[in-house]
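Asker: when you get a sec, could you give me coordinates for this:
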Amino acid sequence: MNASIHYITILPELILSVVGIIIMLADPFFDAPAGRSRKPLGWVAFFGTLAALASCFYQAALSDGSYSFFHMIRMDAFSVFFHVVVISVSALAVLSSLDYLETQGIKSGEYYALILFATVGMGLLSSAMELVMLFIALEISSISTYILAGYRRRFAASSESSLKYFLLGSFATAFFLYGIALIYGATGTTNISLIAQALHVHGHVSALVYLALVLMFVGMGFKVAAAPFHVWTPDVYEGAPAPVVALMSTGPKAAAFALLLRVLFGAFGSIAAWWLPLIWITAALSMTIGNLGALLQNNVKRMLAYSSIAHAGYILVAVAARRPEGIAAVLFYSASYAAMNVGAFAVASHFASRGEKYVSIDDYAGLGRRSPVLAATLTVFMLSLIGIPLTGGFFAKFYVFTSALASNLVWLTVIGLVNSAIAAYYYLRLIVVMYMKEGDDSVEIVPVPVAVATSLLLAAGLTIYLGVAPGSVLAYAGRAAHDLLRF
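Answerer: Below is the predicted model of the structure:
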């Protein structure tokens with residue numbers, strides 16, 4: 001293969017890595033004079049994500065299932081789709097962070113570099129075809145987000161958030177790595193295509209393969225914040241900086257679902273009947289525990305954390321469908337959820353003010369009168385999270401439940417619909433508080449800066465676009481689903 005093709009398959013990662021290194025090298029020059037803003041470095045990171053995004057569209061024009069680096073990387077519609085999602089999330093997270101870091105008094109340029117490095121890992125998770133490469137990509141993404149979670153060093157809650165995430169994440173990674181070791185022992189390879197061939201050729205599947213799958217599923221379940229591997233989520237989301245939560249609740253989750261799909265349908269597709277009950281139970285638990293937990297929260301970040309667990313359950317319903325339409329639904333849901341959730345956290349990030357003082361639902365009382373733009377955009381995101389028509393969330397849930405019914409997963413669909421009704425209460429509660437309760441004028445509302453307004457408008461625009469004209473995105477998701485199954 002031409003050497004240039006090798007580099008085209010990892011072109012977004014190359015761009016993000018180079019820009020991240022440039023930011024790290026430039027950061028020390030901002031130490032003098034004292035107190036100099038790092039915002040220019042943030043703009044460099046933002047334009048770096050735009051360049052990486054442009055390279056994804058260039059890949060889309062070429063994507064034909066090309067392999068590179070000894071079949072470790074595959075460039076296809078599946079990898080391009082997830083690259084676009086995670087890089088878009090990173091771009092919006094950078095925009096949301098520009099004024100947030102100034103408000104919080106954080107003057108560290110490596111913050112933006114860490115976002116870019118985390119995105120490199122997320123991208124590789126969608127294109128790697130080798131389990132050891134997947135592990136390396138997972139660690140690149142995870143280590144960066146561990147650091148970002150504790151970036152408000154002067155606040156004990158942020159340090160606690162980072163420590164919990166690191167310790168529990170390390171345990172989950174160990175499970176995943178041990179599963180890789182066992183599957184290598186059972187099949188003699190860690191290449192996803194070769195594992196699939198080995199399991200298909202051998203009529204008898206050893207117990208070692210099933211044990212490897214369970215251990216790997218524990219690691220992947222942690223990364224997507226699915227129950228019962230979700231216990232870290234509320235505390236980490238509460239303590240981490242709000243723009244970081246916007247990133248980690250969408251980008252790594254989408255990348256982890258790409259990993260889950262590659263492993264389940266790529267390596268273990270021939271024993272799908274065995275892993276279906278795992279997915280079924282995890283989906284039902286995630287939806288139920290997530291929504292019931294969110295009902296009890298008065299902290300917006302914790303509410304959205306439990307909501308994130310529930311949405312992982314909805315996506316797993318589509319995984320359980322075990323059909324191309326279900327895989328396409330997973331991809332479309334990941335894109336829709338990324339747009340609406342990163343937007344919701346962008347609002348929470350700006351509204352929280354210095355020290356993230358205003359994070360209670362009651363603090364949002366009267367926001368509709370005092371800041372109509374913030375209230376209107378947050379309303380769009382909440383309605384989309386419910387699944388109201390004309391928003392991306394509506395079609396996302398529609399495609400998920402349609403694919404589940406097509407696979408005769410009637411009871412799982414019923415559980416999902418009941419949970420969607422439960423979820424409407426706590427999302428609507430926030431809207432009611434914003435528009436129908438008098439607020440406390442002592443709650444300071446800072447005017448929305450240009451960067452934050454841009455990120456909100458982009459997120460809201462994408463949310464509405466996916467709800468009004470989802471055809472093109474769904475068509476590409478369908479192509480990506482067929483590429484995943486054809487390797």
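Asker: which ones are touching residue 266?
Answerer: Under the criterion of Cβ atoms under 8 Å, 6 or more residues apart in numbering, the neighbours of residue 266 are 129, 192-193, 195-196, 484, 487. Glycine gets a C-beta too; all of them are placed from N, C-alpha and C.
Asker: gap between it and residue 151?
Answerer: Per Cβ to Cβ, to the nearest Å, residue 266 is found 35 Å from residue 151.
Asker: now do residue 288
Answerer: Using Cβ to Cβ, residue 288 is found at 33 Å from residue 151.
Asker: quick one, which of the two is more surrounded?
Answerer: Applying other Cβ atoms under 10 Å to residue 288 and residue 151 shows that residue 151 carries more neighbours, namely 23 against 19.
Asker: lowest-confidence entry in the contacts of residue 266?
Answerer: Within the contacts of residue 266, residue 487 has the lowest pLDDT, namely 64.
Asker: now for the worst-scoring helix or strand of the chain on mean pLDDT, which elements pack on it?
Answerer: One helix or strand of the chain scores below all others by mean pLDDT, DSSP states H and E: helix 3-9, with a mean of 76. Packed against helix 3-9 by the contact rule (3 or more Cβ pairs under 8 Å, 6 or more residues apart in numbering; DSSP states H and E) you find helix 39-62, strand 66-68, strand 73-75.
Asker: tell me the buried residues in it?
Answerer: 6, 8-9 (16 or more other Cβ atoms under 10 Å).
Asker: dump these to JSON lines, plus distance to residue 236.
Answerer: Converted to JSON lines, those look like this (distance: Cβ to Cβ, whole Å):
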{"residue": "6", "distance to residue 236": "37"}
{"residue": "8", "distance to residue 236": "36"}
{"residue": "9", "distance to residue 236": "33"}
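Asker: in three-state terms, label residue 107 for me.
Answerer: coil (DSSP: H, G, I helix; E, B strand; the rest coil).
Asker: by residue count, what's the longest helix in this protein?
Answerer: helix 156-187 (DSSP state H).
Asker: list the buried ones in that one?
Answerer: Within helix 156-187, judged by 16+ other Cβ under 10 Å, the buried ones are 158-162, 164-166, 168-169, 172-173, 175-180, 182-184, 186-187.
Asker: again, but for stretch 471-482
Answerer: Going by 16+ other Cβ under 10 Å, stretch 471-482 has these buried residues: 473-474, 476-481.
Asker: any idea which element the residue nearest to residue 95 when sequence neighbours are not counted lies in?
Answerer: Spatial nearest neighbour of residue 95, chain neighbours left out: residue 455 (3.9 Å); criterion: Cβ to Cβ, 6 or more residues apart in numbering. Following DSSP states H and E, one finds residue 455 within helix 450-468.
Asker: return the angle between stretch directions for the very next helix or strand once past that helix and helix 450-468.
Answerer: Next helix or strand after helix 450-468 toward the C-terminus (DSSP H and E): helix 471-485. Relative orientation of helix 471-485 and helix 450-468, computed by axes from the mean of the first three to the mean of the last three Cα atoms, to 10 degrees: 80 degrees.
Asker: who are the packing partners of helix 471-485?
Answerer: With contacts taken as 3+ Cβ pairs under 8 Å, 6+ apart, helix 471-485 sits against helix 77-104, helix 324-352.
Asker: show the average pLDDT along the first one.
Answerer: When you say that, I think you mean helix 77-104. The average pLDDT within helix 77-104 is 90.
Asker: from the chain's centroid, how far away is that helix?
Answerer: Centroid displacement of helix 77-104 relative to its chain, using Cα atoms, centre = their mean, to the nearest Å, is 10 Å.
Asker: the very next helix or strand once past it - what's its average pLDDT?
Answerer: Downstream of helix 77-104, the first helix or strand assigned by DSSP H and E is helix 110-127. Here helix 110-127 scores 94 as its mean pLDDT.
Asker: same check, this time on stretch 166-178
Answerer: The average pLDDT within stretch 166-178 is 92.
Asker: what residues does that stretch touch?
Answerer: 135, 138-139, 142, 146, 215-216, 218-223, 229, 231-232.
Asker: looking at this, residue 408 is in a helix?
Answerer: No: secondary structure of residue 408 (three-state DSSP): coil, not part of a helix.
Asker: sorry, back to before: of all the buried residues of stretch 471-482, which two lie farthest apart?
Answerer: Farthest pair in these (Cβ to Cβ) is 473 and 481. Separation: 12.6 Å.
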